[in-house]
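Student: here's a sequence, model it:
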Amino acid sequence: MSMRFGVGGSLLVGVAIAWAAIFLKAMLNEFIAGETGYILLMAAAVLAAWFGGLVGGVTATLVVLVLNTVVFLEPESSAGFDRIVLIRQLLYLVVGGGIAILVATRRVAGDRLADALAEVASLAEELEARDTRLEIMLAASGTGFWEWDLPTNRLSWSEAIYRQHGLDPTTPPPDFVSYLEIIHPDDREAFQAAVGGAVERIGTFNLEFRVRWPDGSTHWTSAAGRAFPDAEGIATRMIGTGQDITERRRVEEERDRLLAEERRAGEFRDAFIDVISHELRTPITTILGLTQILGRPGRTDDEAARNALLEDVRSESERLHRLVEDLLVLSRMERGILVVDAEPLELRRLLERIVTTEAARLPTIDIQLDLEPGLPVVAGEDTYVEQIIRNLLGNAAKYTPPGTHVRLSARRAEAVVELRVLDDGPGIPEASLSRIFEIFYRDPDSAREVSGSGIGLFVCASLAEAMGGRMWAGRRAEGGSELGFTLRVLEADEPDMAVPVESRRLLLEPSGPQAADEIPA
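Tutor: Okay, here's the model as predicted:
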């Protein structure tokens with residue numbers, strides 16, 4: 001390590017080295033019994049300049065010149081001799097001063113270089129420490145580095161990037177073209193647009209997209225990168241980071257799902273109160289009023305008038321009964337306790353009984369039963385099957401003109417039996433087909449003419465799904481409507497006993513019917 005002195009220290013160094021040089025010269029002169037000249041004195045100027053800088057070198061040169069004159073030069077009368085001594089002293093002064101300046105300058109340059117090297121080393125250590133801290137933080141957050149060489153399309157990945165793609169870090173990374181195949185097809189175009197835009201404008205990009213792992217699973221990653229140009233301003237490389245955000249996306253999706261469910265549940269409760277308060281009040285008020293009329297003291301109606309009033313009471317009672325049945329199903333679905341036992345059902349007897357009962361209850365329509373011979377045993381619950389068919393036939397009676405022909409058809413189609421209610425009425429409006437199973441939805445035109453709660457078809461679709469089937473609606477090519485559902489065929493090797501079906505929270509599950517409704521059938 002080099003020593004450095006201030007101005008005072010440099011002066012002392014110069015004086016000390018000058019005295020040492022004079023002392024050594026005196027000893028050498030005595031040893032050789034002669035004059036050694038200015039060799040040691042020049043060395044003194046060099047040493048003083050090296051250790052004391054310019055101040056030390058100049059000081060040593062001057063002090064040596066004075067001491068050398070006082071100690072070693074005797075006064076002479078010869079002018080020639082005086083001139084030679086004077087020339088030697090002047091030469092020493094010039095040469096010694098020049099050497100002092102050169103050595104001091106070299107020393108200063110060396111000191112500056114040493115300072116610069118020390119500063120560079122310090123910066124390197126600080127940079128290395130920052131890199132270490134950055135790597136620790138990135139490792140904790142699961143973030144990795146990548147680099148893309150555009151001319152060769154080669155990628156360089158950190159170990160974290162390999163893990164984010166489910167790949168072995170000991171294998172070479174794919175090239176850019178192969179990497180595009182890893183990206184989910186639905187996100188590939190957005191990724192190419194984002195990266196291509198960053199390359200074109202020599203800018204940055206930030207994108208969240210899905211990647212497919214070798215095991216077939218799909219994961220979310222967040223990538224950010226920046227393009228760097230060459231001397232001609234053309235992008236030649238891009239560097240960036242990547243982070244696995246699969247868990248974050250899952251949490252966000254779960255949060256959004258819960259919020260959506262809560263929002264739908266709130267909307268359902270509000271609509272439920274508005275609709276049901278009216279739909280329940282209407283039949284109850286009608287029944288109460290009719291019974292008060294029938295029980296009025298002194299009333300002497302003829303039998304026909306009394307029977308007409310009783311028929312109105314029966315009709316409103318059945319309407320209230322169907323509404324209560326639908327509400328019970330809705331309540332079970334909302335609480336997630338709707339469980340359907342897959343009992344063996346013999347459809348022919350069940351459908352014949354339903355048609356016989358409904359034909360008497362719905363005299364305005366002509367109900368016909370069309371059953372395929374040899375219908376197999378199906379899995380379902382007779383109460384719910386009857387509830388679905390009664391709802392469909394009731395809709396047909398409400399939304400079609402008197403005398404409409406309605407056909408209840410049952411046909412086997414591979415592993416299911418398809419039950420259809422077909423009518424030759426005006427048909428379901430095209431605008432309502434996409435919303436027919438939304439809860440509380442009713443066709444705007446028919447809603448002004450026919451009362452209803454808008455939950456019947458929703459309940460029907462929910463019950464059909466709970467029994468392992470599906471439900472559909474459409475317009476018939478020959479005119480009229482078609483509403484149908486399926487029941488699973490009970491194979492011969494299945495046990496003839498009740499088989500529990502998974503409890504479904506159909507009201508709030510997006511995979512189930514979106515809503516129910518009653519519209520013209």
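Student: beta-bridge partners for Thr486, please?
Tutor: In this structure, Thr486 has beta-bridge partners Glu418, where bridges are defined by DSSP bridges.
Student: show the contacting residues for Ala397.
Tutor: By CB atoms under 8 Å, 6 or more residues apart in numbering, the contact list for Ala397 reads 362, 364-365, 406. Heads up, the C-betas are built off the backbone N, CA and C, glycines and all.
Student: that one and Asp423, how far apart?
Tutor: 10 Å (CB to CB, to the nearest Å).
Student: now for these two: what residues contact both?
Tutor: 365, 406.
Student: farthest pair in the contacts of Ala397?
Tutor: Between any two of those, the greatest separation by CB to CB is 10.0 Å, found for Thr364 and Val406.
Student: so the two - more neighbours on which side?
Tutor: Neighbour count, other CB atoms under 10 Å: between Thr364 and Val406, Val406 has more, with 26 against 12.
Student: and the contacts of the helix or strand containing that one?
Tutor: Secondary structure from DSSP states H and E places Val406 in strand 404-413. Contact partners of strand 404-413, identified using CB under 8 Å, 6+ apart, comprise 347, 351, 354-355, 364-372, 375-376, 389, 393, 396-397, 400, 417-425, 486, 489.
Student: only whichever of those are buried, select them in PyMOL.
Tutor: Buried members of the contacts of strand 404-413, identified by 16 or more other CB atoms under 10 Å, are gathered into one PyMOL selection as follows:
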select buried, resi 347+351+354+355+365+367+371+375+376+389+393+396+397+400+417+418+419+420+421+422+423+424+425+486+489
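Student: how far does the host helix or strand of Glu30 sit from its chain's centre?
Tutor: Element membership of Glu30 [criterion: DSSP H and E] is helix 7-32. Helix 7-32 has its C-alpha centroid displaced from the chain centroid by 81 Å (CA atoms, centre = their mean, to the nearest Å).
Student: please name every helix or strand in contact with that helix.
Tutor: helix 39-72 (3 or more CB pairs under 8 Å, 6 or more residues apart in numbering; DSSP states H and E).
Student: helix or strand right after the helix it packs on?
Tutor: Sequence-wise, the next helix or strand downstream of helix 39-72 (DSSP H and E) is helix 79-141.
Student: what's the angle from whichever helix or strand comes after that next one to helix 79-141?
Tutor: Per DSSP H and E, helix 79-141 leads on to strand 143-149 as the next helix or strand towards the C-terminus. Regarding strand 143-149 and helix 79-141, their directions subtend 110 degrees when assessed with axes from the mean of the first three to the mean of the last three CA atoms, to 10 degrees.
Student: give me the buried positions along strand 143-149.
Tutor: Buried, per 16+ other CB under 10 Å, within strand 143-149: 143-148.
Student: and that strand, what does it pack onto?
Tutor: With contacts defined as 3+ CB pairs under 8 Å, 6+ apart, the secondary structure elements packing on strand 143-149 are strand 154-157, helix 159-164, strand 235-244.
Student: in its sheet, what does that strand sit against?
Tutor: When pairs are called by DSSP bridges, strand 143-149 turns out to pair with strand 154-157 (antiparallel), strand 235-244 (antiparallel).
Student: and those: which comes nearest Val95?
Tutor: strand 235-244 (57.3 Å).
Student: averaged pLDDT, that closest one. What do you get?
Tutor: Mean pLDDT, strand 235-244: 92.
Student: in that strand, which residues are buried?
Tutor: Of the residues in strand 235-244, 235-238, 240-244 count as buried by neighbour count, 16+ other CB under 10 Å.
Student: identify the residues contacting it?
Tutor: So strand 235-244 is in contact with 138, 141-151, 160-161, 163-164, 195, 198-200, 202, 219-230, going by CB under 8 Å, 6+ apart.
Student: ok, which stretches of the stretch 151-300 of the chain are helices?
Tutor: Remark: helices of the stretch 151-300 of the chain, listed N- to C-terminal, are 159-164, 176-182, 185-200, 246-294; assignment by DSSP state H, counting those that start in this stretch.
Student: show me where the stretch 251-400 of the chain dips below the pLDDT cut-off.
Tutor: Applying pLDDT under 70 to the stretch 251-400 of the chain flags residues 267-268, 270-272, 274-282, 298-300, 315, 319, 329-341.
Student: what about the strands in it?
Tutor: Along the stretch 251-400 of the chain, counting by DSSP state E, counting those that start in this stretch, strands occupy 341-345, 365-371, 378-380.
Student: now those strands as JSON lines including distance to Leu463?
Tutor: Shown next, in JSON lines, are the strands of the stretch 251-400 of the chain (distance: least, CB to CB, whole Å):
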{"stretch": "strand 341-345", "distance to Leu463": "13"}
{"stretch": "strand 365-371", "distance to Leu463": "21"}
{"stretch": "strand 378-380", "distance to Leu463": "9"}
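Student: out of those strands, the one nearest Asp443 is which?
Tutor: Comparison of the strands of the stretch 251-400 of the chain against Asp443 by CB to CB identifies strand 365-371 as nearest, at 18.8 Å.
Student: next, count neighbours for Ile99.
Tutor: Quick note: Ile99 (other CB under 10 Å) scores 18 neighbours.
Student: wait, it touches Met42, no?
Tutor: Yes - shown here, Ile99 and Met42 form a contact pair, counting by CB atoms under 8 Å, at 6.7 Å.
Student: could you list the domains of the protein?
Tutor: 7-118, 142-244, 335-500 (automatic domain parsing).
Student: which of those has the lowest mean pLDDT?
Tutor: Averaged per stretch, pLDDT over the domains of the chain is lowest on domain 7-118, reaching a mean of 77.
Student: that one: how far from the chain's middle?
Tutor: Here domain 7-118 is found 79 Å from its chain centre; the criterion is CA atoms, centre = their mean.
Student: what's whichever strand or helix holds Leu483 packed up against?
Tutor: Counting by DSSP H and E, the element that carries Leu483 is strand 481-489. If contacts are counted by 3+ CB pairs under 8 Å, 6+ apart, strand 481-489 sits against strand 378-380, helix 382-399, strand 416-423, helix 456-466, strand 471-475.
Student: next, the angle from it to strand 471-475.
Tutor: Orientation note: strand 481-489 sits at an angle of 150 degrees relative to strand 471-475 (the same axes, to 10 degrees).
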